[in-house]
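Student: Kindly generate the corresponding structure for this input.
(chains A and B)
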Amino acid sequence: MRRKAFSLLEACWETGCMAVSQTMTKSTAYDFEQVERTWQQRWEEQDLYRVDEDPSRPKYYCLEMFPYPSGRLHMGHVRNYSIGDVVARFKRMRGYNVLHPMGWDAFGLPAENAAIQHNIHPSKWTWENIDFMRRQLKRLGISYDWRREFASCHPDYYKWTQWLFLRFYERGLAYRKRASVNWCPNCATVLANEQVVQGRCERCDTEVTTRELEQWFFRITDYADRLLEDLDRLEGWPEKVKTMQRNWIGKSYGVEIHFPLQGRDGHLAVFTTRPDTIFGATYMVVAPEHPLVDTLIEDAPGKDEIRRFIEDVKKQDEIARTSEEGDKVGVFTGSYCINPFTGEPIPIWIGNYVLMGYGTGAIMAVPAHDQRDLDFARAYDLPVRVVIAPPEGEAPDAATMTEAYAEPGVMVNSGPFSGLPSQEGWQRIAEEIERRGMGRRRVQYRLRDWLISRQRYWGCPIPVVYCGHCGIVPVPDDELPVLLPEDVAFKPTGRSPLLDHAEFVQTTCPKCGGPAKRETDTMDTFVDSSWYFLRFADPHAADGPFGKEKADYWMPVDQYIGGVEHAILHLMYARFFQKVLADMGLSTAQEPFTNLLTQGMVLKDGAKMSKSKGNTVDADEIVAKYGADTARLFTLFTAPPERDLEWSDAGVEGASRFLNRVWRLVTELAAFLPGAAAGAQNGAAAGNGAALTEADRQMRRVIHRTVQRVTKDVEERFHFNTAISAIMELVNAFYQYKERGDAMNRAVVAEGLQKLVLLLAPFAPHLAEELWHRMGHEESVHLQPWPDFDPDVVRTEEIEIAVQINGRVRDRLVIDADASQEEMKAAALELERVRAAVEGREIVRIVAVPGRLVNIVVK
RNA sequence: GCCGGAGUGGCGGAAUGGCAGACGCGGGCGACUUAAAAUCGCUUGGGCAAACCCCGUGCGGGUUCGAGUCCCGCCUCCGGCACCA
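Tutor: Predicted structure coming up:
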């Protein structure tokens, strides 16, 4: 029987609260629209999420990857920021001084494409998008300190990107060189290695070609070892991301060996990780681009044919060489070098499978012990010589083998080294090479220097000028920023409009005052995002990129959250920057992000949402129809953060239904409480009553147990889905309890409602805030301490355990929670069904696990 | 090919080596209603008419009193890398 008095109207009357919708509706329906707007406004007026340095409290820096202002938020953004907001709000309630900022990664190609397609200036397009998306973010009610907002395309920011570039330049970490680089014909710009995916442009999927160009690079390879080593210290990073970075850096130990050329001066340098196989080297291969090629083919009879081959490979190179494992092709140069260990001549070939960009661009080929070399040897009928035998079993037959033996073993056919374990031989041969001055041990990385030049307009200008007299001259600090001119024309030629902007290009040399030309390339936008997390610590700094004290107070980021697609690119560049800045003394932290959470994608119909597939869900529509709290709750409840999330309209309905269920429960029960606030504040009152019935005690147990579960799930595991399901169970239990009507204990209800709303605050901040105020509180729920639980209340006196016979559950048993194993066994044997099952059989053993079960093993 | 991750009801997903399927969605039944929606209960892995029972966490083995969980060998899917010498 339900009390009629459980009406919203009366709830408000009795509590005398000043809550929002009191004045606007008599219906019990939850008006999310009104509630969310009102509180968003109130929070903003009160500057509720403003944060400053406070040495008296522990700091917590929670950061979500800032978005590119593409136009509108998608559900992936909603998910990302909802996750971050739970963390930020939870930590705030836990007493941390939480920095939770947001900004815009605002330089980039889409703005230029929009300029060409819709005849709108990239700047205008970008700023309009930012305005729109900022409104969307505010509509979601994420707890950002908006005073810290900035966009990377603003001169106040990119001035410091340029300033940092100059510091890199001074330290020799920014340099210019001519190199064969990746070129995307569609984007009409060069790309870093990291931006080429399977031979295609990461952004537009166009096949990437190569070009010889003079470009700016960052010397990230100088930091390869530190970037690799320090991965071991990042215990809060997913193993997967660390593995990807390790592979990308690709450290390998080997030996550079100089093979003297036969009949002429000089030598051919190769890099190998298997010096122990040198006696098996039957030919050499150099990359078509190798500088020695012209010399090597000088006297070859079919010189023209060889040249044609080289050109063919270079062309093939552009299309297929990286995208698929094509056939290995090559041609003999006509030249030989001498194997310094055997003295025999070895033919030098040119081959498509050797890359100029790795090692020395030349290899010694050991077909018996390297699959690629074996493939090539079989194709051109080159000799195969086995020099490593397996530790056990027979050595492969050189004449017939089709699979190279690449494992360690015992050296054979290797002169004085024969009989040695190959690993030992590795060192002995390396020593011998060094002793004879024919090379040295060395470490080789797969990682290349970071190509940062872009032949595009909408990016941060590289602050250098070219002077006929003085060469490359950095722009002096006091002339920064080098402003991106706004009055430029966009044509679909792919040519950067900066090239045609005479006022920009024509300048004077800061050194000699003579005429000079400005650099017209801009920086890769990954440069902008490599230090933004530091700027958030001091976003308005005017005399430096950020103040060291503030940076040192906030850094490193305690929790970083974003998509796994940035596992290599952004996350490695940012680590590189942080280390350089630490070396420069600008910031102390060696690593930028202590803990990393890589969220899964939002899928629909099993595929990533994309415009081209037409399976997108618009964040605005969902928020308009269900409200921000529902949108957030759905993304948090449907899957754990790191997994992919399959979109479900029914799931959104479910989230909405739950919030309404909470709304009804709390508003109705609030009416039951006289002076709700007083009771709610006094949780202890619920505990000291001998007046508590069994049902009251049980309800209290559920309340405290829920606090325990939610705290654990959020704090230790970031499992928001199970945290929310625990809250759902509490609500279900409350509905059961509510059936008791007047028999309910008011102190228990008050305590339960209070804790429920507090638990809900990080997940559904608007609803929680509204209910909190309706319960008679004046201060924001988001400023309250996180609820605690009493372990004594959680504990039960009696528990139900399973009783198994031979591992199968046959019965259940209610027993004292602290019963001894002996008591458990005895009680189990008393059971009717156990006696029947045991009758006439031998009990082999009995296992009793306190709190769990008893297992009786019979024969 | 190499390196990760994942395979659990109709679906999303839960389970420190200890009662598989929490919670939600969907379904079924009931209450309220003239009726429907909403809401509130109850119910819902499969087999059997049902009880008891049997079978169930991708497949095949193993360890264990006890395995979704640990070990060995496979299969499938997803992600990353891919001539890196």
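Student: Run through who's touching stretch A:59-66.
Tutor: Contacting residues not belonging to stretch A:59-66 are listed as A:53, A:80-81, A:83-84, A:87-88, A:91, A:96-105, A:529, A:532-533, A:536-537, A:553-563, A:566, A:570, A:593 [C-beta atoms under 8 Å, 6 or more residues apart in numbering]. To be clear about C-beta, it is placed using only N, CA and C from the backbone, and glycine gets the same treatment.
Student: Of these, just the buried ones, ChimeraX syntax please.
Tutor: Those of those that count as buried under 16 or more other C-beta atoms under 10 Å are selected in ChimeraX with:
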select /A:80,81,83,84,87,88,91,96,97,98,99,100,101,102,103,104,105,529,532,533,536,537,553,554,555,556,557,558,559,560,561,562,566,570,593
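Student: In helices, which of the contacts of stretch A:59-66 appear?
Tutor: Mapping those onto helices (DSSP state H) picks out A:80-81, A:83-84, A:87-88, A:91, A:532-533, A:553-554, A:570.
Student: and these as a markdown table, adding pLDDT and distance to residue A:776?
Tutor: A markdown table is the format used below for the ones in helices among the contacts of stretch A:59-66 (pLDDT from 0 to 100; distance: C-beta to C-beta, whole Å):
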| residue | pLDDT | distance to residue A:776 |
| --- | --- | --- |
| A:80 | 94 | 35 |
| A:81 | 95 | 31 |
| A:83 | 95 | 32 |
| A:84 | 96 | 31 |
| A:87 | 96 | 29 |
| A:88 | 97 | 26 |
| A:91 | 97 | 26 |
| A:532 | 97 | 42 |
| A:533 | 97 | 41 |
| A:553 | 97 | 37 |
| A:554 | 98 | 36 |
| A:570 | 92 | 47 |
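Student: Now render those residues as TSV, adding distance to RNA strand B.
Tutor: Output for the ones in helices among the contacts of stretch A:59-66, formatted as TSV (distance: C-beta to the nearest atom of the strand, whole Å):
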residue	distance to RNA strand B
A:80	17
A:81	20
A:83	14
A:84	19
A:87	17
A:88	22
A:91	21
A:532	23
A:533	23
A:553	35
A:554	31
A:570	13
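Student: tell me the two of those that are most distant?
Tutor: With C-beta to C-beta as the measure, no two of the ones in helices among the contacts of stretch A:59-66 lie farther apart than A:80 and A:553, at 25.3 Å.
Student: What's the first helix or strand after the worst-scoring helix or strand of chain A on mean pLDDT?
Tutor: Least confident helix or strand of chain A, by mean pLDDT, DSSP states H and E, is helix A:8-15 with a mean of 35. Downstream of helix A:8-15, the next assigned helix or strand under DSSP states H and E is helix A:32-46.
Student: Could you tell me which residues of the stretch 551-700 of chain A lie near RNA strand B?
Tutor: Proximity of the stretch 551-700 of chain A to RNA strand B (C-beta under 7 Å from any atom of the strand) is limited to residues A:564-565, A:567-568, A:637-640, A:643-646, A:648, A:650-651, A:653-655, A:657-658, A:660-661, A:664.
Student: In helices only, show me those.
Tutor: Those of those lying in helices (DSSP H): A:637, A:650-651, A:653-655, A:657-658, A:660-661, A:664.
Student: Out of these, grab the one that's most surrounded.
Tutor: Using other C-beta atoms under 10 Å as the neighbour test, these are led by residue A:655, with 26 neighbours.
Student: any idea how far that one is from residue A:457?
Tutor: 44 Å (C-beta to C-beta, to the nearest Å).
Student: and what of residue A:853?
Tutor: 70 Å.
Student: So these two - more neighbours on which side?
Tutor: Of the pair residue A:853 and residue A:457, residue A:457 is the one with more neighbours under other C-beta under 10 Å, namely 24 against 18.
Student: does the more buried one really touch residue A:495, like I thought?
Tutor: No. Using C-beta atoms under 8 Å, residue A:457 is not in contact with residue A:495, being 9.7 Å away.
Student: For residue A:772, what is the enclosing helix or strand?
Tutor: Going by DSSP H and E, residue A:772 is part of helix A:765-774.
Student: ok, now residue A:550?
Tutor: Assigned by DSSP H and E, residue A:550 falls in helix A:548-554.
Student: which other helices and strands contact that helix?
Tutor: strand A:59-64 (3 or more C-beta pairs under 8 Å, 6 or more residues apart in numbering; DSSP states H and E).
Student: Alpha carbons of the strand it packs on, as CSV, please.
Tutor: The C-alpha trace of strand A:59-64 is given here as CSV (Å, rounded to 0.1, in the frame of the first residue of the first chain):
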residue,chain,number,x,y,z
LYS,A,59,46.8,17.8,-6.7
TYR,A,60,45.2,15.7,-9.4
TYR,A,61,45.5,16.5,-13.1
CYS,A,62,42.8,14.8,-15.1
LEU,A,63,43.0,15.4,-18.9
GLU,A,64,41.1,14.2,-21.9
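Student: Close to RNA strand B: what parts of the stretch 201-350 of chain A are there?
Tutor: Checking the stretch 201-350 of chain A against RNA strand B by C-beta under 7 Å from any atom of the strand, the hits are A:239-240, A:243-244, A:247-248, A:250, A:252, A:254, A:271-274, A:287, A:321-322, A:325-328.
Student: In helices, which of those residues appear?
Tutor: A:239-240, A:243-244, A:247-248.
Student: Now the buried members of these.
Tutor: Going by neighbour count (16+ other C-beta under 10 Å), those have A:244, A:248 buried.
Student: Who are the contact partners of residue A:587?
Tutor: If you count contacts by C-beta under 8 Å, 6+ apart, then residue A:587 has A:534, A:546, A:548, A:551-552, A:555, A:578, A:581 around it.
Student: Right, I'll leave it there.
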